[in-house]
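Novice: Turn this into a model:
(one chain, ligands or ions: 1)
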Amino acid sequence: MLKKLFALSDTGAKNLKLGIISSAFYNLLVMFPVGLLMMALGDILEAIKSGKQPMQGKTLFYIAATIILFLLIFLAQWIQYRQTYTASYKESSKRRIALAEKMKKLPLSFFAKKDLANLTTTIMGDCTSLEMTFSNAIPTLFGTLIMFLVISISLIVMDYRMGLCILLPAFLAAIVLFAARKGQQKADLRCANAKRKAYDGVQEFLDNIQEIKSSSRQEEYLIGLENKLEDVVKLSFKNELLPGSVLAASQFILRLGLVAVLITGGILVSKGSLSLMMFLLFLLIAGRIYDPFSSVFMLLAEIFSAMVSIKRMKEIEKTPEQRGQKSCPNKGYDIVFDNVRFKYSKDEDKNVLDGVSFRACQGEVTALVGPSGCGKSTVSKLAARFWDVDSGKITLGGADISKIEPETLFKNFAIVFQDVMLFDESVMENIRLGRKDATDEEVIAAAKAALCEEFIQRLPDGYNTNIGENGSFLSGGERQRISIARALLKNAPVILLDEATASMDAESETLVQEALSTLLSGKTVLVIAHRMRTVARANKVIFLKDGKVAETGTPQKLLQKNGLFAALYKAQGLKN
Ligand SMILES: Nc1ncnc2c1ncn2[C@@H]1O[C@H](COP(=O)(O)OP(=O)(O)OP(=O)(O)O)[C@@H](O)[C@H]1O
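Specialist: Have a look, this model is predicted:
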């Protein structure tokens, strides 16, 4: 049950169980000194009454019992610490790894619906808050509840009237806290959303600082960001105020228990229906039993927020993964689209691709052409199974790619996307990302083939120069050439080039095209290029319009046809 409720691993659930048991054991054990004290007091009073020496012959028993009791308390606390703190950190790191592994297997449709801040909060923030909750709050809560149950039964058996005086306030206080739970969770959610919006805002501000500074709406933008940050402060304050007030109310109700024991006990003793010793025992218990409750109540807010984190995590865990076999039974590397229909979201009424069929043959360059938004990038993303098609089929060498595990399938692809992702590392390491076991010589050869050598030599430290966050020290054309070098290094049988040469000047583009054409020979190449000069060299053109294949054939044939492709070609020819 614990495993399901708190989304734990088998070991995590086992450790939490042990933590709860040791916490309950500890809470019960700390009550025993009260019993021992009462026994000693009883002995002393008995001795005084009968005129004997107090505690005669029993001193050793009391010393031994005290030592054993303290040893047991120490042991219970040590086990609780070990089982909860150490185990919860291990569990939390396992959870982070499991989440990251899970995300690797999720389709891109999942990430399109979530924003980056939300995911970061789940992986880092939620895991950290759960770490704290499992290391302390949950074992303390359950441990206290078990202790309370055991003591309640004992108190009722000893004297139900006095027992009720102690127990009723605890129930009342718990009811108040649970009644406020819904409000607390709502406040938590509001606060978390405000934090996420502020995080997104700051991230957007840092990412686009250049555009914001040069825009006439700089003031307006900053006011918007300031409002988001102020919302966080306001909602955090409210979020603290609610549990604070509820906590104060429940603590007050708990204190009433001590007063009730004092008044009821006093009346019962005066009537002679309760012994003085029993009255003292209940008073001592009432003085101690509420202490763990106070700390549990303080932790409840933490536990309620943890339940929100767990819900978010379960949502990720439940998302279906892109699965498939670990081997790719392809014969050759022709890519075939067979009546493919696809849209990014179920809510859209129009398909982005609507019955697309074509064959991109091995050893040929197939160019995807068409007006902006017609679905060219979508075709290349579907070919690498970044998304799964809604209907129809895509095959690689005859193998249905929807049945092949994405990681296995991806080994066959090298991709140069429109947005090049570069890392804050050296040029050498950025290119080596194409194939992590490549030697320096292989990296340099790929860089030369992608015409990077010339600008790399100009960098202060050559191949060892750090290129800054996302290659911010490089020009658009240079960044793309690094990305091409990476793809060349991977030497995969299928190459997807998406706007690969868009940021280069005409001269560099011609040189890169030449380099590519020698290096890409024998491979299946799907290229998206707006410039018609690039397309003219392709073996086949797929002209897309509104998500449908409008024309297909060799560039020469399509030019002769004088249709859509020819019109676009001529229009660009005029511009160039
Ligand atoms: N991740 C996404 N989520 C939702 N819609 C998307 C997504 N990516 C693209 N689209 C939409 O799908 C349609 C096709 O986009 P796609 O990027 O494939 O076109 P394209 O032909 O490559 O355009 P361009 O030449 O301008 O790059 C567009 O209407 C676009 O708005």
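Novice: on contacts alone, who are the packing partners of the host helix or strand of F205?
Specialist: Counting by DSSP states H and E, the element that carries F205 is helix 181-207. Contacts defined by 3 or more C-beta pairs under 8 Å, 6 or more residues apart in numbering; DSSP states H and E place helix 181-207 against helix 116-120, helix 218-271, helix 276-318. For every residue, glycine as well, the C-beta is placed using N, CA and C.
Novice: The helix or strand following the last one - contacts with which helices or strands?
Specialist: Which is helix 276-318. Per DSSP H and E, helix 276-318 leads on to strand 335-342 as the next helix or strand towards the C-terminus. Applying 3+ C-beta pairs under 8 Å, 6+ apart, one finds that strand 335-342 contacts strand 353-360, helix 376-383, strand 391-396.
Novice: Compile those into CSV and extend it with columns for distance to V525.
Specialist: Output for the helices and strands packed on strand 335-342, formatted as CSV (distance: least, C-beta to C-beta, whole Å):
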stretch, distance to V525
strand 353-360, 8
helix 376-383, 11
strand 391-396, 14
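Novice: And the ones you listed: which comes nearest the ligand?
Specialist: Nearest to the ligand among the helices and strands packed on strand 335-342 is helix 376-383; the distance by C-beta to the nearest ligand atom comes to 3.3 Å.
Novice: So the closest one, near the ligand or not?
Specialist: Yes. Judged by C-beta under 6 Å from any ligand atom, helix 376-383 comes into contact with the ligand at 376-378.
Novice: Next, count neighbours for S295.
Specialist: By other C-beta atoms under 10 Å, 14 other residues sit near S295.
Novice: scratch that, Y344
Specialist: 14.
Novice: quick one: it from Y160, how far?
Specialist: Noted for Y344: a distance of 66 Å to Y160, by C-beta to C-beta, to the nearest Å.
Novice: same check, this time on K393
Specialist: According to C-beta to C-beta, K393 stands 74 Å off from Y160.
Novice: The two: which has the busier surroundings?
Specialist: When K393 and Y160 are compared for neighbours, K393 comes out ahead with 15 against 11, by other C-beta under 10 Å.
Novice: sorry, back to before: among the helices and strands packed on helix 181-207, which is nearest I48?
Specialist: Within the helices and strands packed on helix 181-207, the stretch nearest I48 is helix 276-318; the backing value is 13.3 Å (C-beta to C-beta).
Novice: Tell me how this protein divides into domains.
Specialist: According to automatic domain parsing, the chain comprises the domains 2-318, 335-412+492-575, 427-491.
Novice: now the longest one, how far from the centre of its chain.
Specialist: Its chain's C-alpha centre lies 24 Å from the corresponding centre of domain 2-318 when counted by C-alpha atoms, centre = their mean, to the nearest Å.
Novice: Just the mean pLDDT for that domain, thanks.
Specialist: For domain 2-318, mean pLDDT rounds to 80.
Novice: Okay, helices next: where are they in the stretch 451-576 of the chain?
Specialist: Using DSSP state H, counting those that start in this stretch, the helices found in the stretch 451-576 of the chain span residues 453-458, 476-490, 506-519, 532-536, 555-561, 564-575.
Novice: Between these, which has the poorest mean confidence score?
Specialist: helix 506-519 (a mean of 65).
Novice: circling back: by neighbour count, which of the residues of helix 376-383 next to the ligand wins?
Specialist: Counting neighbours by other C-beta under 10 Å, K376 leads these with 24 neighbours.
Novice: Near the ligand, which residues of this structure are found?
Specialist: Neighbours of the ligand within the chain, by C-beta under 6 Å from any ligand atom: 112, 344, 352, 370, 372-378.
Novice: what's the residue in the stretch 451-576 of the chain that the ligand sits nearest to in contact with, if anything?
Specialist: Closest contact between the stretch 451-576 of the chain and the ligand, by C-beta to the nearest ligand atom, is at I528 (6.3 Å). Shown in contact with I528 (C-beta atoms under 8 Å, 6 or more residues apart in numbering): 367-369, 376-377, 380, 497-499.
Novice: Mind listing what's buried along stretch 152-171?
Specialist: Of all the residues in stretch 152-171, those buried under the rule 16 or more other C-beta atoms under 10 Å are 152, 155, 159, 162-167, 169-170.
Novice: which ones among these are found in helices?
Specialist: If you go by DSSP state H, the buried residues of stretch 152-171 have 152, 155, 162-167, 169-170 in helices.
Novice: Please identify the one among those that lies nearest to K436.
Specialist: Of all these, A170 has the smallest distance to K436: 59.9 Å, by C-beta to C-beta.
Novice: Sounds good, over and out.
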